[in-house]
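Peer 1: return a 3D structure for these sequence lines:
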Amino acid sequence: MQNKRKKQKTIKDITGSIDIDTNSLTKTDDLKLYIEENEENYLELLNIIECKNFNDFFSYKNFELCIFENCIFNSCDFENSTFINCKFIGCDFSGSTFNKAYFDKIDINMCKFSGCAFTSAKLSNMKINESNFNLASHFECNINDLKIENTTYLESFFDACKLKNFNIKEVNFSKTEFFNTLLKDIDFTTSTIDNIKFSKNMIELKGIIVDTYQAAALATAIGIVIKDY
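Peer 2: Predicted coordinates:
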């Protein structure tokens, strides 16, 4: 009788954005004015530098091969917008909405997305580093191939999200809510999950990867009494 070989799980490489030749980019410090002057919804090969916008609308825009650098887009609307092969460096998008937005091949470094909404958004092949997603809400998001390092998701929210190839290192998820979002095979051992919340049936925790300390904290949270001998 032949032994059945267990199928080895392959992990897809996460590359993020491709290298962009900055010499080929058109520079602008006023994205709203650039869009109005060019009457374009498809925006490519832009270097958007130190742009400042508050409560403005950028919905249904398509960004490709763009670099956002040291920009402020507070409480702006990017609903149904598309970002492909883009880089975000030192930007602040606090309070903005990305509902039904599509992100693919993205690098995010030292950025702030605090309080942003990502309802029904699709995030794929993204690298996020040293950024702030505190209080961000993710509802019915399709999240594939993410690599997140040295980033905070304090009191953020994941509800009915699909996570696949979700790689995290030194990420702080303290007080984050995971509802109807399966955490199977996600390794939280280098990250912080203090006081995370989940649904009553605790289906989210099945197959989660944690260390001994984290396991004890989760056990206490669901009412298990651990007795030492």
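Peer 1: can you tell me the closest non-neighbouring residue to Thr26?
Peer 2: In space, Thr26 comes closest to Leu46 once its chain neighbours are excluded; the distance is 5.6 Å by Cβ to Cβ, 6 or more residues apart in numbering. Yep, even glycine has a C-beta here, placed from its N, CA and C like the rest.
Peer 1: any idea how far that neighbour lies from Leu25?
Peer 2: 6 Å (Cβ to Cβ, to the nearest Å).
Peer 1: before we move on, what about Ile186?
Peer 2: 36 Å.
Peer 1: same question, Glu37
Peer 2: 17 Å.
Peer 1: looking at the two, which one has more neighbours?
Peer 2: Legend: neighbour count by other Cβ atoms under 10 Å for Glu37 and Leu25, higher for Leu25 (17 against 10).
Peer 1: give the contact list for that one.
Peer 2: 45-47, 65-67 (Cβ atoms under 8 Å, 6 or more residues apart in numbering).
Peer 1: of these, select the buried ones using a ChimeraX command.
Peer 2: To isolate the buried members of those in ChimeraX, using 16 or more other Cβ atoms under 10 Å:
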select :46,47,65,66,67
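Peer 1: in the longest helix belonging to the chain, what's buried?
Peer 2: Looking across the chain with DSSP state H, the single longest helix is helix 212-221. Using 16+ other Cβ under 10 Å as the test for burial, helix 212-221 gives 214, 218, 221.
Peer 1: can you check stretch 185-197 too?
Peer 2: Across stretch 185-197, burial judged by 16+ other Cβ under 10 Å covers 186, 188, 191-193, 196.
Peer 1: also stretch 167-182?
Peer 2: Buried residues in stretch 167-182, counting neighbours by 16+ other Cβ under 10 Å, are found at 167-168, 171-179, 181-182.
Peer 1: secondary structure and pLDDT added to those residues, as JSON lines?
Peer 2: JSON lines is the format used below for the buried residues of stretch 167-182 (DSSP: H, G, I helix; E, B strand; the rest coil; pLDDT from 0 to 100):
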{"residue": "Asn167", "secondary structure": "strand", "pLDDT": "97"}
{"residue": "Ile168", "secondary structure": "strand", "pLDDT": "97"}
{"residue": "Val171", "secondary structure": "coil", "pLDDT": "98"}
{"residue": "Asn172", "secondary structure": "strand", "pLDDT": "98"}
{"residue": "Phe173", "secondary structure": "coil", "pLDDT": "98"}
{"residue": "Ser174", "secondary structure": "coil", "pLDDT": "97"}
{"residue": "Lys175", "secondary structure": "coil", "pLDDT": "96"}
{"residue": "Thr176", "secondary structure": "coil", "pLDDT": "97"}
{"residue": "Glu177", "secondary structure": "strand", "pLDDT": "97"}
{"residue": "Phe178", "secondary structure": "strand", "pLDDT": "96"}
{"residue": "Phe179", "secondary structure": "strand", "pLDDT": "96"}
{"residue": "Thr181", "secondary structure": "coil", "pLDDT": "97"}
{"residue": "Leu182", "secondary structure": "coil", "pLDDT": "96"}
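Peer 1: perfect, that will be all.
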